[in-house]
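**Student:** Below: sequence and its predicted model.
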Amino acid sequence: MLYLLFLLAHLFAALIFIGTVFFEVLILGRLHRQLPARVMLRVEQGIGQRARALMPRVLLVLFGAGTGMIWLRYRPALAAPFASSFGTLLTLKLILAVSVLLHFLLTMLRMRRGRVGPRYLRFIHLSLFGHMVAIVLLAKSMFYLTW
């Protein structure tokens, strides 16, 4: 039962985080061509403020629940991560997840120092987008790919 709670918390937090990244890359990124610069600036500021307030809690749930899932069910696979296809794919997924966390922490640090510009944010969003696609593919592939 505890594993199910961790799983559901992890899935909903992932849905929020991935949905936000997808929205920023696929929808918001395209609005620059259609809206005046001053309107776009206000939209981005509003979304940015909300994301900065929400995302730390979302990531805490995402990584906390993921850690709980590993502890309860996947420790044996990670004890010998390259002994099975499942362990290898899970290890790759965890490496990407840690990279996502580092992206987020670095960006928050740079924001506090006032060193985040539009080019940096575009790079981070595209990088996170790629990470998210890879993580989702790995998360599903772990249960279906074997070698």
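**Tutor:** Looks like it arrived, so ask away.

**Student:** Which parts of this structure are helices?
**Tutor:** Along the chain, the stretches classed as helices by DSSP state H are 2-22, 29-31, 37-69, 75-79, 85-112, 118-141.

**Student:** out of the ones you listed, nearest to Trp147?
**Tutor:** helix 85-112 (4.9 Å; Cβ to Cβ). Yep, even glycine has a C-beta here, placed from its N, CA and C like the rest.

**Student:** can you pull the buried residues of stretch 124-138?
**Tutor:** For stretch 124-138, the neighbour count (16 or more other Cβ atoms under 10 Å) marks Ile124, His125, Leu128, Phe129, His131, Met132, Ile135, Leu138 as buried.

**Student:** and if you look at stretch 59-66?
**Tutor:** For stretch 59-66, using 16+ other Cβ under 10 Å, the buried residues are Leu59, Val61, Leu62, Phe63, Ala65, Gly66.

**Student:** Check stretch 7-20 too.
**Tutor:** Going by 16+ other Cβ under 10 Å, stretch 7-20 has these buried residues: Leu7, Ala9, His10, Ala13, Ala14, Ile16, Phe17, Ile18, Thr20.

**Student:** Same list (the buried residues of stretch 124-138) but as a markdown table, adding distance to Gln34 and pLDDT.
**Tutor:** Below are those laid out as a markdown table (distance: Cβ to Cβ, whole Å; pLDDT from 0 to 100):
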| residue | distance to Gln34 | pLDDT |
| --- | --- | --- |
| Ile124 | 23 | 95 |
| His125 | 18 | 93 |
| Leu128 | 23 | 96 |
| Phe129 | 20 | 96 |
| His131 | 27 | 97 |
| Met132 | 25 | 96 |
| Ile135 | 30 | 97 |
| Leu138 | 35 | 97 |
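
**Student:** How about Lys93, nearest residue that isn't a chain neighbour?
**Tutor:** Of all residues not flanking Lys93 in the chain, Leu138 sits nearest, at 4.1 Å (Cβ to Cβ, 6 or more residues apart in numbering).
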